[in-house]
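Q: How does the following fold in three dimensions:
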Amino acid sequence: MSINTRFPVAVHALALIALNRNGERPSTSELIAKSAGTNPVVIRRILSQLKQAGLLESGPGKPETKLKKAAEEISLGEIYRAVQDREDLFSVHPNPSQQCWIGHNIHSTLEGPLRRAQSAMEAELDAVSLQDVAEDLLYRAGVDRDAKKTDNPAAAGEIKSKISGGRKMKKVTAVYFSPTGGTERYVKAIAEKLAEEVEIIDLTKPETRSRSYRFGPDDLVIFGAPVYAGRLPIIEGGIFDRIEGENTPAVFTVSYGNREFDDALLEEMDICQKHGFRGIAASGWIAPHTFFDSVAADRPDEKDLQAVETFADKVKGILEREEQGSLTVPGNRPYKEAKRIVYAPEAEEACVKCGFCATVCPVGAIDGQHPEKSDPKKCISCLACVKKCPREARIARDPGLTAIRQKLEPVLASARKEPQVFFAE
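A: I've put the predicted structure just below:
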């Protein structure tokens, strides 16, 4: 396993060119070679590779080389890929014995771990720009662009953190299952506090759940789902089972109707970590109860959103740590028994058979051509069709639900629960 010196010499050369753009002496191969302590022939070979990669340019007949794009637009990953043969990082012995069962399988066994290690390394390099390198060099030398002594090391710390190991997220993605919108509001609010641009994967839609998704170590994913009877909703094919990570940092969230989340948060964490995600924070949030209209009807409120902001700030702090620790959340293994509670809603006389209820059903339990009833074998009793019907023409008729409502609704509505948050340590 090896990386030869082409890559660090290439970074050295580009940093000199970036910092010498207003210098009295042109950035020739001889000048760069003297700084790097190598032969000008070596430098010219590397500069040629960087030009082919679109990172450098030079005028006809001119010895000086300039950056073809701004330093902040050039990542260390681009430089690495321009000069380094990717096969050089990891190589395996080429001729293991095919008669030996170990020799026959060793390449296949190592392929996955080595590929993931390569991807993780490149992701770290992609997170640091040439501009970050240049400014860190200036900071370490104690000078600024005007060659004046810098007296603000704290200001340089933000740049320096990228060089010394702080994580710069490429992308924040909000991934949620949210039939009635409570979970969606929290997950989006957290994600939007962490990044200006957020990608959305709404797993409430069956067609979205049918696709596969993959994330890398430089992504951040915010997961969310509602709690049904202390567990995640029972969905054919699972909720998060087609989402894969590669040591991808993740935040796990659940929302529940002012009772308890029991084992649901632990279940969500276990599923996602099994698929390659690494938990750095988790939370349980209060949202309107599915069955009881008076319970947490106004949540999230202003106090909840302030808690979201505080939570997101702490997540940012964890991301800046070199060692992010491990995450522990409440819950029991084995989980409590999953109960499939079915109160299949049906249409009332005001129904005009518009079929809107079928479009909002997350499990295809309603036939858009005949929406009068829900299929009890598919229905998960999320009541999305009831709550979103534009004519308020659907209802869950069940004596058992009426009895539960009379018994539990006053109890759950009597006291306010606050969000619960957990962080990797």
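
Q: what are the C-alpha coordinates of the helix or strand hosting Ile43, in CSV please?
A: Using DSSP states H and E, Ile43 maps to helix 40-52. Listed next in CSV are the C-alpha coordinates belonging to helix 40-52 (Å, rounded to 0.1, in the frame of the first residue of the first chain):
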residue,chain,number,x,y,z
PRO,A,40,12.5,20.9,-12.3
VAL,A,41,11.9,17.9,-14.6
VAL,A,42,9.7,16.3,-11.9
ILE,A,43,7.8,19.5,-11.4
ARG,A,44,7.2,19.9,-15.2
ARG,A,45,5.8,16.4,-15.4
ILE,A,46,3.4,17.1,-12.5
LEU,A,47,2.4,20.5,-13.9
SER,A,48,1.6,18.8,-17.2
GLN,A,49,-0.8,16.4,-15.4
LEU,A,50,-2.4,19.3,-13.6
LYS,A,51,-2.9,21.1,-16.9
GLN,A,52,-4.5,18.0,-18.4
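
Q: number of nearby residues for Glu248?
A: Careful, residue 248 is Thr; it's not Glu. By the criterion of other C-beta atoms under 10 Å, Thr248 has 22 neighbours. C-betas here are computed from N, CA, C, even on glycine.

Q: Could you do the one 3 residues further on as well?
A: Number of residues near Val251 (other C-beta under 10 Å) recorded here: 28.

Q: need the contact list for it.
A: By C-beta atoms under 8 Å, 6 or more residues apart in numbering, the contact set of Val251 is 190, 220-223, 279-283, 315.

Q: Can you flag which of these belong to strands?
A: 220-223, 279-283 (DSSP state E).

Q: now Ala250: how far from Val41?
A: Look at Ala250 and Val41: by C-beta to C-beta, to the nearest Å, they are 48 Å apart.

Q: List just the nearest of the ones in strands among the contacts of Val251 to Glu73.
A: The nearest member of those to Glu73, counting by C-beta to C-beta, is Leu220 at 22.1 Å.

Q: can you give me the strands in the chain?
A: Ranges of strands in the chain, per DSSP E, are 56-57, 66-67, 171-176, 198-202, 213-214, 219-226, 243-244, 248-256, 277-286, 346-347, 366-367, 370-374, 394-395, 420-423.

Q: looking at those, which is closest to Lys388?
A: Between those, strand 394-395 lies closest to Lys388; by C-beta to C-beta that is 9.0 Å.

Q: Which neighbouring elements make contact with that closest one?
A: Counting contacts by 3 or more C-beta pairs under 8 Å, 6 or more residues apart in numbering; DSSP states H and E, strand 394-395 is packed against strand 346-347, helix 384-388.

Q: most neighbours per residue, which of those?
A: Greatest average neighbour count among the helices and strands packed on strand 394-395 goes to helix 384-388 (a mean of 22), per mean count of other C-beta atoms under 10 Å.

Q: still on that earlier bit, please compute how far the helix holding Ile43 lies from its chain's middle.
A: A distance of 37 Å separates the centroid of the chain from that of helix 40-52, by C-alpha atoms, centre = their mean, to the nearest Å.

Q: what does stretch 271-290 give?
A: 12 Å.

Q: what's the first-to-last distance across that stretch?
A: 24 Å (C-alpha to C-alpha, to the nearest Å).

Q: picking up where we left off before, among the strands of the chain, which is nearest Val295?
A: With C-beta to C-beta as the yardstick, what comes closest out of these is strand 277-286 (9.2 Å).

Q: export the closest one as CSV, just CAs?
A: Listed next in CSV are the C-alpha coordinates belonging to strand 277-286 (Å, rounded to 0.1, in the frame of the first residue of the first chain):
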residue,chain,number,x,y,z
PHE,A,277,-24.8,4.8,9.1
ARG,A,278,-23.0,6.1,12.2
GLY,A,279,-25.2,7.8,14.7
ILE,A,280,-24.0,11.1,16.1
ALA,A,281,-27.2,12.4,17.7
ALA,A,282,-30.8,11.4,18.2
SER,A,283,-34.0,12.9,19.4
GLY,A,284,-37.7,12.3,20.2
TRP,A,285,-40.1,15.1,19.4
ILE,A,286,-43.8,15.8,20.3
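
Q: Can you list the strands that it pairs with?
A: Neighbouring strands of strand 277-286 in its sheet, by DSSP bridges, are strand 248-256 (parallel), strand 420-423 (antiparallel).

Q: What distance do you get for Val187 to Gly317?
A: Separation of Val187 from Gly317 (C-beta to C-beta) stands at 20 Å.

Q: Those two: which is more packed in?
A: Neighbour totals were compared for Val187 and Gly317, and Val187 leads with 27 against 11 (other C-beta under 10 Å).

Q: what residues are up against the nearest residue in space to that one that is not next to it in sequence?
A: Excluding its sequence neighbours, the residue lying closest to Val187 (C-beta to C-beta, 6 or more residues apart in numbering) is Gly224, at 3.7 Å. Residues near Gly224 by C-beta under 8 Å, 6+ apart: 174-178, 183-184, 186-187, 253-255.

Q: Tell me, what's the model's pLDDT at Gly224?
A: If you check Gly224, the pLDDT there is 98.

Q: Quick check: Ile271 touching Ile243?
A: No - Ile271 lies out of contact with Ile243 (C-beta atoms under 8 Å); the separation is 9.2 Å.

Q: Between those two, which is the more surrounded one?
A: Neighbours were counted for Ile271 and for Ile243 using other C-beta under 10 Å; Ile243 has more, 26 against 19.

Q: Distance of the residue nearest to the more buried one when sequence neighbours are not counted relative to Arg278?
A: Nearest residue to Ile243 in three dimensions, chain neighbours excluded: Tyr213, at 4.7 Å (C-beta to C-beta, 6+ apart). From Tyr213 over to Arg278 the distance is 16 Å, taken as C-beta to C-beta.

Q: give the contact list for the closest residue to Leu19 other than its chain neighbours.
A: Spatial nearest neighbour of Leu19, excluding adjacent residues (C-beta to C-beta, 6+ apart): Ala134 at 5.4 Å. By C-beta under 8 Å, 6+ apart, the contact set of Ala134 is 15, 18-19, 71.

Q: would you turn the residues you listed into JSON lines with neighbour count and distance to Ile366?
A: Shown next, in JSON lines, are the contacts of Ala134 (neighbours: other C-beta atoms under 10 Å; distance: C-beta to C-beta, whole Å):
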{"residue": "Ala15", "neighbour count": "20", "distance to Ile366": "62"}
{"residue": "Ala18", "neighbour count": "21", "distance to Ile366": "60"}
{"residue": "Leu19", "neighbour count": "19", "distance to Ile366": "64"}
{"residue": "Ala71", "neighbour count": "19", "distance to Ile366": "56"}
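
Q: ok, those vs Pro113, which is closest?
A: Nearest to Pro113 among the contacts of Ala134 is Ala15, at 32.4 Å by C-beta to C-beta.

Q: This completes my enquiry, with thanks.
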